[in-house]
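J.: What follows is a predicted structure for the sequence shown.
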Amino acid sequence: QVQPVESGGGLVQPGGSLRLSCVASGTIVSESTMGWYRQAPGKQRELVAAITNIGRTNYADSVKGRFTISRDNAKNTMSLQMNSLSPEDTAVYYCNLGRTLSGVNYGMDYWGKGTLVTVSS
């Protein structure tokens, strides 16, 4: 069964950096679009960045130029390098397998349990 697992969250000061990782099992992983989503307290879950199996990417406007998404198909992993973090980036970050670059769900929709990122001084 496909079950993405996130890691790398934590507490960081404003202006700092963090790197999130996601690993998933299954032969479909290398063929599927993967993405990072986040949900802040009291807000809806939103797309942060996504990447197709061949490396096409999409970023939310709020993170363009600060976050970089990447993946390693041989290892079934995906990463999110987050730089210049601000308190507004504080959220639980979720790994998704299956949604499109723009976040549309066409039926394949696997989620990790999330990892908390807190940006605070």
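T.: On my side now, so go ahead. Residues are numbered from 1 along each chain as shown.

J.: how many other residues sit next to residue 83?
T.: The burial count assigned to residue 83 is 14, neighbours taken as other Cβ atoms under 10 Å. Where you see a C-beta, it was placed from the backbone N, CA and C, and this is true even at glycine.

J.: what about the residue lying closest to it once chain neighbours are set aside, distance to residue 39?
T.: Nearest residue to residue 83, sequence neighbours excluded (Cβ to Cβ, 6 or more residues apart in numbering): residue 17, at 4.7 Å. In this view, residue 17 and residue 39 are 21 Å apart by Cβ to Cβ, to the nearest Å.

J.: Show me the strands in this protein, by range?
T.: For the chain, applying DSSP state E gives strands covering 5-7, 10-12, 18-23, 34-39, 46-51, 57-59, 67-72, 77-82, 91-97, 110-111, 115-119.

J.: Those strands: which one's closest to residue 104?
T.: Among the strands of the chain, the nearest to residue 104 by Cβ to Cβ is strand 46-51 (9.9 Å).

J.: Give the bridge partners for the most centrally placed residue in the chain, please.
T.: Residue closest to the mean C-alpha point of the chain, counted by Cα atoms, centre = their mean, is residue 36 at 2.0 Å. Residue 36 has these beta-bridge partners by DSSP bridges: residue 49, residue 95.

J.: that older thread, now the strands of the chain in a markdown table, with distance to residue 104?
T.: Listed next are the strands of the chain as a markdown table, based on distance: least, Cβ to Cβ, whole Å:
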| stretch | distance to residue 104 |
| --- | --- |
| strand 5-7 | 21 |
| strand 10-12 | 31 |
| strand 18-23 | 19 |
| strand 34-39 | 11 |
| strand 46-51 | 10 |
| strand 57-59 | 11 |
| strand 67-72 | 17 |
| strand 77-82 | 18 |
| strand 91-97 | 11 |
| strand 110-111 | 15 |
| strand 115-119 | 24 |
